[in-house]
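In: How does the following fold in three dimensions:
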Amino acid sequence: VLPLPVYLTLIPIISGVAIASMKELSFTVLALASAMLSNVSSAARGVLSKKTMSGKKIGENLDAQNLYAVLTAMSTIILIPTMLAMEGTGMFKAMDGLIKAGKYTKQSLATLLALGGASYYAYNEVAFLALGKVNPVTHAVGNTIKRVVIIVASVIAFNTKMSTGSIIGSSIAIFGTLLYSLAMNASKK
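Out: Residues are numbered from 1 along each chain as shown. Purely as a prediction, here's the structure:
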């Protein structure tokens, strides 16, 4: 449990992200609900994983890296049948469509999918290693601000115009992260 000022600094972070996202053209309630479910699930995974990492010994060699590998294997076992039940073979039809359109060869598409999967796995493993070193709330705040940084970097890289609301919201979220960092440092003293 953290001091109240630390939790209060989450308000500008959440508000800033909400303001930045408010004028999004492709906004739907389903997209918002899915994003919120993703955030809650990610935070719950972080908290529960941190509790597992810092608790009693639950298995031989079950450090952050191995815990992430076990969670990934279990998720794969659960999600592949779920994906096939919901999507059927649509993914394979889409891949065939890309190949027939001449956009990719089978080898280049397989290589891109493998590189994308390996990169995402490595990113998440590094995130798990970081989670092993920090408080779960700090980890969640880092994930939230990472999203704002990605949006700002994408705007710069692709020369996209940002609305006033997006600029204000991003600024509030970044300022909230600064407040969070200051509050966390003050609570450690």
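In: How about the contacts made by residue 137?
Out: By C-beta atoms under 8 Å, 6 or more residues apart in numbering, the contact list for residue 137 reads 2, 6-7, 10. Quick note: C-beta positions are derived from backbone N, CA and C, even for glycine.
In: Report pLDDT for it.
Out: Per-residue pLDDT puts residue 137 at 72.
In: Work out the gap between the helix or strand of the chain with the lowest mean pLDDT and the centre of the chain.
Out: Using mean pLDDT, DSSP states H and E, helix 29-54 stands out as the lowest-scoring helix or strand of the chain, at a mean of 74. Averaging C-alpha positions (C-alpha atoms, centre = their mean, to the nearest Å) puts helix 29-54 9 Å from its chain's average.
In: Check which element follows it along the chain.
Out: Per DSSP states H and E, the first helix or strand lying C-terminal to helix 29-54 is helix 64-87.
In: looking only at pLDDT, what's the mean for the helix or strand following that next one?
Out: Once helix 64-87 ends, the next helix or strand along the chain (criterion: DSSP H and E) is helix 90-100. Computed over helix 90-100, the mean pLDDT rounds to 90.
In: ok, and what's touching helix 90-100?
Out: Residues outside helix 90-100 that contact it (C-beta under 8 Å, 6+ apart): 83, 104-106, 109.
In: same deal with stretch 106-123?
Out: Outside of stretch 106-123, the residues within contact range by C-beta under 8 Å, 6+ apart are 72, 95, 98-99, 104.
In: Please repeat the previous calculation with a cut-off of 10 Å.
Out: 68-69, 72, 91, 95-96, 98-99, 103-105 (C-beta atoms under 10 Å, 6 or more residues apart in numbering).
In: buried subset of those residues?
Out: For the contacts of stretch 106-123, a burial check counting by 16 or more other C-beta atoms under 10 Å picks out 68, 95.
In: Would you format the contacts of stretch 106-123 as JSON lines with distance to residue 180 included?
Out: Listed next are the contacts of stretch 106-123 as JSON lines, based on distance: C-beta to C-beta, whole Å:
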{"residue": "68", "distance to residue 180": "25"}
{"residue": "69", "distance to residue 180": "30"}
{"residue": "72", "distance to residue 180": "29"}
{"residue": "91", "distance to residue 180": "39"}
{"residue": "95", "distance to residue 180": "42"}
{"residue": "96", "distance to residue 180": "47"}
{"residue": "98", "distance to residue 180": "43"}
{"residue": "99", "distance to residue 180": "47"}
{"residue": "103", "distance to residue 180": "43"}
{"residue": "104", "distance to residue 180": "43"}
{"residue": "105", "distance to residue 180": "47"}
